[in-house]
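A.B. asks: Let's see this in three dimensions:
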Amino acid sequence: MVERRKVVILGSNGTMGAGAAVVFAGAGFEVVMLAREPAKARAGIEAAKRVARSEAVAERIEYGSYREHLARAVAQADIVFEALAEELELKRAFFAEVDRWRKPEALVASNSSGLSMAEMAAGHSLSFRRCFLGIHLFNPPHLVVGAEVVPNPESDPEVVEQTAVLLARRLGRKVIVAGDQPGFVGNRVGLKVLNEVAQLAVEHGVALMDYLVGPHTGRSMPPLKTIDLIGWDVHKAIVANIYARCPEDPARDSFRLPQFIEHGVAAGRLGVKTPAGGGFYRQETNGTLTVLDPASAEYRPYRAPAPVGFVEAMRRLNRIGRYREAVAVMADAQGAEAELLRRLVLGYLSYGLGLCGGVARTAADVDTIMGYGFNWAPPGALVDLLGARRTVELLERHRLAVPAVVERAAANGERLCGGGPMEYGRTLVG
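C.D. replies: Got it, this is the predicted structure:
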């Protein structure tokens, strides 16, 4: 196995570049952070120190600019980690320079959240293509330990295996190997749900949707607040890429970007990264929390939705660890709001576990990345809490596809998720 000690990060002044620097430096790697200008790379180090809450992290980090330092830094690197903006041609231009200067055995990895590894690798040298793959870390990487390794069609299988081992053993990641399809596994499943909730917010309102699909459903953060954290621009890039490149996807309409997000991105409304512009939520200068009305694009004072019985019951049961009973409440609740939530949760199970054998190798891979990448209750854990036979009945009643793995579990009386109820509970305390 090739010993890897030196890492170069391209795009080091961005959120993921700075976060990756913390992860690699914290694991003992020597890190060089590069940006267009030295001042931006230096800002990346300051961001890394803030993320790590430690001055010591900078002891293993150097910085520089592409113009002055890229050739020498790449020539010495064992790993080149790209964390540039999600623009294919921008990445390809940088990879051409990396290919020119890299050592033959150097690993080159893209942190893209869903672009094609095959398209990024095309046209570069054979050595580059064999040592090139995706390492998709989740935001923020110093806290979220899920990771996807995404080979391009020509990646050396030994390089893929070594990368997965390195991430797991040295960086403490929970790793899956995903197929080179738009969104990979985590974003393909997660962004489907997030975008569906955004679509429904037009009719039902932001506050109500985040209340209905909140932590009591097995997630550490409500969905629309999650989009604000991810960034509206990033959300748009991921769902638009999946929508455009997956015309045969059975849930393609779920990836249709709402017009109000399109207009919001154009207006500079990106979520947490634009405090003044806001996102679904905005903190006003007087300290008041306001919430977006998607229909009018206006902000109104936040008012908590009126309590809904089944939601409050689920919360109470989750607090005392009675997770199976909480999920049963959701399955049995009556009314339009219960139907709305069930369709979203069952759609998550149906779609996520339906990817097995394609972009995801196994149900365990889907569960791993949703549990440790998104900090959501894994689909398999929810099936186990409901019971596989009950899950099949509910999916059929809502005219949703029954994944083969769920059919088998129902027929054989098997469980899907090794962690069982505790994997669901872990996400509630995140």
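
A.B. asks: Find the residue ranges of the protein scoring beneath the pLDDT cut-off.
C.D. replies: In the predicted model of the chain, residues 1-2, 41, 44, 48-49, 51-58, 418-430 satisfy pLDDT under 70.

A.B. asks: Any buried residues in stretch 284-293, and which?
C.D. replies: Using 16 or more other C-beta atoms under 10 Å as the test for burial, stretch 284-293 gives 291-292. C-beta coordinates here come from the backbone N, C-alpha and C atoms, glycine included.

A.B. asks: got the contact list for it?
C.D. replies: 205-207, 260, 278-283, 298-302 (C-beta atoms under 8 Å, 6 or more residues apart in numbering).

A.B. asks: now, among the residues you listed, which is nearest to Met120?
C.D. replies: Nearest to Met120 among those: Gly279, at 29.3 Å, using C-beta to C-beta.

A.B. asks: So that closest one: helix, strand or coil?
C.D. replies: Using DSSP: H, G, I helix; E, B strand; the rest coil, the structure places Gly279 in coil.

A.B. asks: That one is in contact with Leu270, isn't it?
C.D. replies: Yes. Judged on C-beta atoms under 8 Å, Gly279 makes contact with Leu270 at a distance of 6.7 Å.

A.B. asks: name the element the residue nearest to Leu166 when sequence neighbours are not counted belongs to?
C.D. replies: Among residues not flanking Leu166 along the chain, Arg4 sits closest, at 6.7 Å (C-beta to C-beta, 6 or more residues apart in numbering). For Arg4, there is no helix or strand it lies in under DSSP states H and E.

A.B. asks: hmm, what's the outermost residue in the chain?
C.D. replies: Distance from the centre of the chain peaks at Glu68, with 33.4 Å (C-alpha atoms, centre = their mean).

A.B. asks: With neighbour numbers in mind, choose between Gly279 and Leu270.
C.D. replies: Gly279 (26 against 21; other C-beta atoms under 10 Å).

A.B. asks: Just give the closest residue to that one, not the sequence neighbours.
C.D. replies: Gly271 (3.3 Å).

A.B. asks: Which of the three states applies to the one you found?
C.D. replies: Three-state assignment for Gly271 (three-state DSSP): coil.

A.B. asks: For the protein, which segments are assigned as strands?
C.D. replies: Along the chain, the stretches classed as strands by DSSP state E are 6-10, 30-35, 61-65, 79-82, 107-110, 132-137, 146-151, 174-177, 281-283, 289-293, 298-301.

A.B. asks: mind giving me the domain ranges of the protein?
C.D. replies: 6-177, 184-210+222-242+252-306, 309-430 (automatic domain parsing).

A.B. asks: returning to what we had before: what is in contact with Gly279 and Leu270 at once?
C.D. replies: Counting by C-beta under 8 Å, 6+ apart, the residues touching both Gly279 and Leu270 are 232, 264.

A.B. asks: Name the nearest residue to Pro250, ignoring sequence neighbours.
C.D. replies: Ala401 (6.8 Å).

A.B. asks: Gly214 is in contact with Pro222, isn't it?
C.D. replies: Yes. Proximity of Gly214 to Pro222 meets the contact threshold set by C-beta under 8 Å, at 4.7 Å.

A.B. asks: who has more neighbours, these two?
C.D. replies: Pro222 (22 against 18).

A.B. asks: Setting aside sequence neighbours, what's the nearest residue to that one?
C.D. replies: With C-beta to C-beta, 6+ apart as the criterion, Pro222 has its nearest non-adjacent residue at 3.6 Å, and that residue is Asp210.

A.B. asks: tell me the contacts of the one you found?
C.D. replies: By C-beta under 8 Å, 6+ apart, the contact list for Asp210 reads 197, 222-225, 280.

A.B. asks: neighbour-wise, which of those residues leads?
C.D. replies: Neighbour tally across the contacts of Asp210 (other C-beta under 10 Å): the maximum, 28 neighbours, falls on Phe280.

A.B. asks: Roughly how far does the closest residue to it other than its chain neighbours sit from Cys246?
C.D. replies: The shortest distance from Phe280 to any residue other than its chain neighbours is 4.3 Å, reached at Leu224 (C-beta to C-beta, 6+ apart). Separation of Leu224 from Cys246 (C-beta to C-beta, to the nearest Å) stands at 24 Å.

A.B. asks: can you check Leu355 too?
C.D. replies: From Leu355 to Cys246 the distance is 11 Å (C-beta to C-beta).

A.B. asks: got it, and Arg343?
C.D. replies: Counting by C-beta to C-beta, the separation of Arg343 from Cys246 is 21 Å.

A.B. asks: again, but for Tyr323
C.D. replies: Tyr323 sits 33 Å away from Cys246, going by C-beta to C-beta.

A.B. asks: Which one's more surrounded, those two?
C.D. replies: Neighbours were counted for Tyr323 and for Cys246 using other C-beta under 10 Å; Tyr323 has more, 23 against 17.

A.B. asks: these two touch, right, Asn375 and Arg219?
C.D. replies: Yes. Asn375 lies in contact with Arg219 (C-beta under 8 Å); the separation is 6.8 Å.

A.B. asks: in stretch 149-160, what's buried?
C.D. replies: Within stretch 149-160, the residues scored as buried using 16+ other C-beta under 10 Å are 149-152, 154-156, 159-160.

A.B. asks: For Arg303, see how far away the closest residue to Ala43 other than its chain neighbours is.
C.D. replies: Leaving out its chain neighbours, the residue that sits closest to Ala43 by C-beta to C-beta, 6+ apart is Asn13, at 5.3 Å. Asn13 sits at a distance of 39 Å from Arg303 (criterion: C-beta to C-beta).

A.B. asks: Which one's more surrounded, the two?
C.D. replies: Asn13 (23 against 10).

A.B. asks: check contacts around the residue lying closest to Glu3 once chain neighbours are set aside.
C.D. replies: Sequence neighbours aside, Asp78 is the residue nearest to Glu3 in space, at 7.4 Å (criterion: C-beta to C-beta, 6+ apart). Asp78 sits next to 2-7, 103, 105-107 when contact means C-beta under 8 Å, 6+ apart.
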